[in-house]
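[1] Fold the following.
(chains A, B and C)
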Amino acid sequence: MLKDITIGQYFPGDTLVHKLDPRVKIFTAILYIIALFFVKDFYPYIFIILFIATVVRTAKLPIKFIIKGLKPLMFIIIITFTINLLFTRGEVLFSLGPISVTKEGIIQSVFMALRLILLIVGTSLLTLTTSPIALTDGIESLLSPFRKIGLPSHELAMMMTIALRFIPTLLEETDKIMKAQMARGADFESGNILNRAKSLVPLLVPLFINAFRRADELATAMEARCYRGGEGRTRLNELKFDKKDSAILLSLIVFFGFIMSTRYW
Amino acid sequence: MIINIENLNFIYNIGTPFEKKALDDISISIEEGDFVGLIGQTGSGKSTLVQHLNGLIKPTSGKITIDGIDITNPDTKMKEIRKKVGLVFQYPEHQLFEETIYKDIAFGPKNLGLTEEEIELRVREAMELVGLDYETLKDRSPFEISGGQKRRVAIAGVIAMKPKVLILDEPTAGLDPKGRDDILDEIKKLYERENITIILVSHSMEDIARLANSILVMHNGKVIMHDKTREIFKSADLLEDIGLDIPQVTKLMKEFKKRGHQVKEDCLTIEEAKEELIKYLRGTKNA
Amino acid sequence: MENEIMINIENVSYEYKSYVDDSIQLAVKDLSLNIKRGEFLAILGHNGSGKSTLAKMMNGMILPTRGEVYVNGINTKDEDKIWDIRSKAGMVFQNPDNQIVATIVEEDVAFGPENLGIPPEEIRKRVDDSLETVGMSEYKKHAPHLLSGGQKQRVAIAGILAMEPDCIIFDEPTAMLDPSGRKEVMETIKRLNKDKNKTIVLITHYMDEAVMADRVMVLNEGENVLMGTPREIFTQVETLKKLGLDVPQVTELAYELRKEGFDIRKDCIIIEELVEAL
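    The predicted structure follows:
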């Protein structure tokens, strides 16, 4: 189940999309989300779907991979669909006891489900084509103007890097501790909610203690490698914003501007 | 026969591109009361195999019977399996979580549904078996004692469940020589006193030679050798081929024999080698 | 000016407060030691003998309560020079997992030089060279968590090498590794000393690793109890055992046979030597 979540996963490649400056991609993702919620009609979504199709093609991402990424979130999509279907008022098409389905309800629920799917697919494209490091660098660079007002952009980026680095390690450790406690007869699967929450103590306590120990050792190791914050630091791979990046950014701004303008037609 | 494994297979990530055969058609049986050393390189399937033995991993196919119970049968209660087989993981001190040493050791027996009196008795026994003083330590926090002591508390937590088969995965990893010797001595004492079956997973051939009666050798998910310790270490070349070693003294005796000296080559410990060499050297001197 | 002495430790003590009963404990007691440039020194001792504390004083991670430590002639108490000291005396720790910062091998190796403010082209060169030295070049785009313990530890070593230190302090680098990982790491350390001329301080409790050193110091309760070449140290079987340390099986066997009255040279440390002697 955990393995199926493609959000946040990176699909390595060497395409135009992969090589695009991460700042352009992050900015586009923000534009994309705004556009998605700005639009009120079905037909602009055709352009958005076309946009996604183009990105997927160019980045050579397997369609299956993207569909698989939707699976763990299917539950939320279905709930959104059902709520909109049942609770939108309007022209009643048919009813079953207290439940009635309206024409507006059908349109609204399909629209909302589509919007959610496009939101998930669109944002996962960002992480699928951008390595965690590039993503962090991009965020750090985009946030750096806010340093003046006291936003610790470098520290935030560093925290993100370390989190990404240790997620697999901690997952592995969770699995190990869980098994070790199960070997001592712990039961994580049955009982009511209260009992289950209680049964997590033998898992969570060691997990936290080990995480603190790791954090302590990591801090020592970082200090030994002369880490002293973002001041005066250089980077192995510095972000470069070239002509191609500006051209693409400009056309994307025009494209999403056009989509948003459909609201006023 | 306490453990019987028939045609055990296990495949990781079945049906994905990451599919990997971790256990390949394993059929072995282990006698009750045996002390088995399980050796093999990292990734040879040792950990996967021992986790099958107490039901933490379900096999892809095959059958495992422990003390007459088919543990691969889905109807078998997990609690029954845990009573039969205790598993001490690598770095077991990383799983300690209670406020006091007593409570931590009592966790396993409590899960078995024993009475308070029985639990207290077992904690007392288990602590004594691993060389921890009950009265002075029972109310201490398991987090404020030394590394070697923490490990003993963790091992006691499994011993207190009184399993018929005790599996220890690298119980001496990361300890210094003194800590290692202490733990190994306690394991030996436990084996001699409690009359249980022990499976010891280790990378140290010296430790295995010192303790195990028989050895299982794993390579690429298969059990490629299963014999008495002495016999296994005679096949030094075969072991070397799969990246394993033999104890230094055994190597020495082999080398010495190669030079034309008539000595027993299957000495496993320094004491054995010493006796053999003394006998041989005195013999040649007198002749 | 190049200094003949890499690390100079003068009458150093380190005190700390015990967390059990708040009493003052001494981890290191009035210890003096000179480590020469290009030397390979092994420090042996059981857990709690003070060896890790001593190691951490060698690059200013902790400061001595009494006495002075000089790295390359610079006092570790000199706050302005602390980053010079740490880049000249690099340190590799026990747990390979807890010293790798980045999600890609080469990014991690770059971490040190990035902190030192080295220009990107120079970092690129150092990263490639360091990975080459430890034999991990083909893994430079890999995620560290998928590597074996020995490989992770080599990446950690490359990360230190990229700072171009004169000296590397290894704090039990093989304690958590399997035999093949240990071999990989020990061969790398030996190569760094012989080919790259790095001063090596190896803290360990494995005798077979200390055999590779030029000099061995045995630490007990924060005090230097034995010092000499590996051969000189290993012949003290009785003392070492009393200190809770191991000797190679061959050495112990030779010692036992001598006790029985056989005339065997007592400084056998490898199998061939004892076979010869017999």
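[2] ok, and does the lengthiest helix in chain C reach over to chain B?
    When chain C is parsed with DSSP state H, its longest helix is helix C:179-194. Yes. Shown here: helix C:179-194 in contact with chain B (C-beta under 8 Å from any C-beta of the partner chain) through C:Pro179, C:Ser180, C:Gly181. Using the backbone N, CA and C atoms, a C-beta is placed for each residue, glycine as well.
[3] residues contacting residue 11?
    The chain I'm using is chain A. Counting by C-beta atoms under 8 Å, 6 or more residues apart in numbering or on different chains, A:Phe11 touches A:Ala59, A:Leu61, A:Phe65, A:Leu128, A:Thr129.
[4] meant chain B, my bad for not saying
    B:Glu19, B:Lys20, B:Lys21, B:Ala22, B:Thr60.
[5] Tell me what it is bridged to.
    In this entry, B:Ile11 is beta-bridged to B:Lys21, by DSSP bridges.
[6] Chain neighbours aside, what residue packs nearest to whatever residue of chain B ends up closest to chain A?
    Residue nearest to chain A within chain B: B:Asn111 (3.0 Å; C-beta to the nearest C-beta). Using C-beta to C-beta, 6 or more residues apart in numbering or on different chains and skipping the chain neighbours, the partner closest in space to B:Asn111 is A:Gly185 (3.0 Å).
[7] In this structure the one you found contacts B:Leu114, no?
    No. With contact defined as C-beta atoms under 8 Å, A:Gly185 does not reach B:Leu114; the gap is 10.5 Å.
[8] Which of the three states applies to the residue in the stretch 1-150 of chain B positioned nearest to chain C?
    Nearest to chain C, among the residues of the stretch 1-150 of chain B, is B:Thr42, at 4.7 Å (C-beta to the nearest C-beta). Classification of B:Thr42 by DSSP: H, G, I helix; E, B strand; the rest coil places it in coil.
[9] what's the helix or strand for the spatially most central residue of chain C?
    Centroid check for chain C by C-alpha atoms, centre = their mean gives C:Leu202 as the closest residue, at 2.1 Å. In the assignment (DSSP states H and E), C:Leu202 maps to strand C:199-204.
[10] List the buried residues of that strand.
    C:Thr199, C:Ile200, C:Val201, C:Leu202, C:Ile203, C:Thr204 (16 or more other C-beta atoms under 10 Å in any protein chain shown).
[11] do stretch C:120-132 as well
    For stretch C:120-132, burial by neighbour count (16+ other C-beta under 10 Å) applies to C:Ile123, C:Arg124, C:Arg126, C:Val127, C:Asp128, C:Ser130, C:Leu131.
[12] Can you dump the C-alpha atoms of the helix or strand harbouring the first one in PDB for me?
    The reference is to C:Ile123. According to DSSP H and E, C:Ile123 maps onto helix C:120-133. Coordinates of the C-alpha atoms in helix C:120-133 are reproduced here as PDB (Å, rounded to 0.1, in the frame of the first residue of the first chain):
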ATOM      1  CA  PRO C 120      31.400  24.100  -8.000                       C
ATOM      2  CA  GLU C 121      34.000  23.000 -10.600                       C
ATOM      3  CA  GLU C 122      36.500  22.200  -7.900                       C
ATOM      4  CA  ILE C 123      33.800  20.300  -5.900                       C
ATOM      5  CA  ARG C 124      33.000  18.200  -9.000                       C
ATOM      6  CA  LYS C 125      36.600  17.300  -9.300                       C
ATOM      7  CA  ARG C 126      37.000  16.400  -5.700                       C
ATOM      8  CA  VAL C 127      33.800  14.400  -5.600                       C
ATOM      9  CA  ASP C 128      34.900  12.300  -8.600                       C
ATOM     10  CA  ASP C 129      38.400  11.800  -7.300                       C
ATOM     11  CA  SER C 130      37.200  10.800  -3.800                       C
ATOM     12  CA  LEU C 131      34.700   8.300  -5.100                       C
ATOM     13  CA  GLU C 132      37.400   6.900  -7.400                       C
ATOM     14  CA  THR C 133      39.700   6.400  -4.400                       C
END
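[13] Compute the inter-axis angle for that helix and helix C:179-194.
    Orientation check (axes from the mean of the first three to the mean of the last three C-alpha atoms, to 10 degrees): helix C:120-133 against helix C:179-194 gives 120 degrees.
[14] what bits of chain B have low per-residue confidence?
    B:15-17, B:285-287 (pLDDT under 70).
[15] Find the closest residue to chain C in it.
    For chain B, C-beta to the nearest C-beta, closest residue to chain C: B:Lys178, 3.4 Å.
[16] ok, and the closest non-adjacent residue to C:Gln249?
    B:Gln248 (4.0 Å).
[17] Quick one: residues contacting that neighbour.
    If you count contacts by C-beta under 8 Å, 6+ apart, B:Gln248 has them with B:Glu206, C:Pro248, C:Gln249, C:Val250, C:Ile271.
[18] Ok, C:Asp178 next?
    Counting by C-beta under 8 Å, 6+ apart, C:Asp178 makes contact with B:Gln41, B:Thr42, B:His203, C:Gly149, C:Gly150.
[19] Got phi/psi on A:Val101?
    Backbone torsions of A:Val101, given as degrees, to the nearest 10, read phi -110, psi 130.
[20] Give me the three-state assignment for the closest residue to it other than its chain neighbours.
    For A:Val101, ignoring the flanking residues on the chain, the nearest one in space by C-beta to C-beta, 6+ apart is A:Leu93 at 5.4 Å. Taken by three-state DSSP, the conformation at A:Leu93 corresponds to strand.
[21] Give the burial count for A:Leu93, as a bare number.
    A:Leu93 has 12 neighbouring residues, counting by other C-beta atoms under 10 Å in any protein chain shown.
[22] what's the spacing between it and A:Lys103?
    Distance of A:Leu93 to A:Lys103, computed by C-beta to C-beta, to the nearest Å: 6 Å.
[23] ok, now C:Val237?
    93 Å.
[24] ok, the two, which is more surrounded?
    Using other C-beta under 10 Å, the more surrounded residue of C:Val237 and A:Lys103 is C:Val237, with 19 against 12.
[25] Tell me the confidence at the more buried one?
    Confidence at C:Val237, expressed as pLDDT, is 87.
[26] how far out from the middle of the chain is stretch B:148-168?
    Distance of stretch B:148-168 from its chain centroid, counting by C-alpha atoms, centre = their mean, to the nearest Å, is 11 Å.
[27] again with stretch C:179-196
    Using C-alpha atoms, centre = their mean, the offset of stretch C:179-196 from its chain centre is 12 Å.
[28] got a list of contacts for it?
    B:41-42, B:203, B:243, B:245, C:38, C:40, C:133-135, C:148-151, C:153-154, C:157, C:161, C:168, C:170, C:173-174, C:177, C:198-200, C:202, C:206, C:209, C:212.
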